[in-house]
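Asker: what's the 3D shape of this:
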Amino acid sequence: MSKPLTGKVALVTGGSRGLGAATVRLLAEQGADVAFTYVSSEKQAQAVVDEVHGKGAKAVAFRSDQADTSRAPALIDDVVAHFGGLDVLVNNAAISVAGTVDDPDADTAALDRMHATNYLGVIAVIRAASRVLREGGRIITVSSGLGSRVGAPGLADYAATKSGIERYTMGVARDLGPRNITANVVEAGLMEGGMQPPDPETLKALVGSLSLRRMGHPDEIAAAIAFLASPAASYVTGAVLDAHGGYNA
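Answerer: The predicted structure is shown next:
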């Protein structure tokens, strides 16, 4: 099997389950040494590390809560200290909190934590990583189809976080282009084993709005991420790659 990422070091935030774990596995299969973060699922994180090691590749897990933006520099320092550098950053960690803007019982603390995790936390990690990313590095930010089209009520805050990091990533592409570092977005869609799904009726409506009329598998979205991390995507930057089954079609 081709290993286009041999000699590269990657960091995947939120890599203990779902899309994050699928991305860790695939980048490792393609030759990268992979660090990833988790918040509370230590057993799941260790299982991913063990699986990667079992296939003869290298992985390490760091506990790091992305909502705590002050933690970002230390996280990047830990990765560099462990593997000697950083070439690929995948901003995958995110949480989802739903609720209409006029809900009198809205959990504003949970919404604020989502904004801190999905938006401010991503910015903090990018800022810290940008100072150490090697020439020709890659930044891939995982967004959602909701970043460009809100298809159901109750998703305004979540959509705002995703739209925000998409535009931020476009600016990053401009800022880091002179160093031959690319920055791109993958808009992920509904996935099996992903975040807590919406209520059954909303889920049915969302799946029905897709061109492919099915939920995706984490491996399918991880493949899009791996492409943007690879040498094959060396002239792709400031782009949004849709991997959501035709949500916007």
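Asker: hang on, I139 in a strand?
Answerer: Yes. Counting by DSSP: H, G, I helix; E, B strand; the rest coil, I139 is found in a strand.
Asker: return the residues in contact with it.
Answerer: 88-89, 91, 126, 129-130, 133, 169, 172, 176, 181-184 (Cβ atoms under 8 Å, 6 or more residues apart in numbering). Placement of C-beta: from N, CA and C, glycine included.
Asker: swap in D68?
Answerer: D68 neighbours (Cβ under 8 Å, 6+ apart): G121.
Asker: what's the first helix or strand after the helix or strand of the chain with the lowest mean pLDDT?
Answerer: Ranked by mean pLDDT, DSSP states H and E, the weakest helix or strand in the chain is helix 200-208, scoring a mean of 80. The element immediately downstream of helix 200-208 (helix or strand, assigned by DSSP states H and E) is helix 218-229.
Asker: next, the buried residues of that next one.
Answerer: Judged by neighbour count (16 or more other Cβ atoms under 10 Å), helix 218-229 contains these buried residues: P218, E220, I221, A222, A224, I225, A226, F227, L228, A229.
Asker: that helix packs against which elements?
Answerer: With contacts taken as 3 or more Cβ pairs under 8 Å, 6 or more residues apart in numbering; DSSP states H and E, helix 218-229 sits against helix 18-29, strand 88-91, strand 138-144, strand 182-188, strand 240-243.
Asker: using CSV, lay out the ones you listed together with mean pLDDT and distance to S234.
Answerer: Below are these laid out as CSV (pLDDT from 0 to 100; distance: least, Cβ to Cβ, whole Å):
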stretch, mean pLDDT, distance to S234
helix 18-29, 97, 17
strand 88-91, 98, 13
strand 138-144, 97, 9
strand 182-188, 97, 7
strand 240-243, 94, 15
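Asker: out of the contacts of I139, which is nearest to A109?
Answerer: Lowest distance from A109 to these (Cβ to Cβ) belongs to N91, with 23.4 Å.
Asker: and that closest one, how many neighbours?
Answerer: The local packing of N91 (other Cβ atoms under 10 Å) involves 28 other residues.
Asker: which residue of this protein sits farthest from its center?
Answerer: Centroid-distance maximum for the chain: P104 at 31.5 Å, with Cα atoms, centre = their mean.
Asker: show the pLDDT at it.
Answerer: P104 is assigned a pLDDT of 94 by the prediction.
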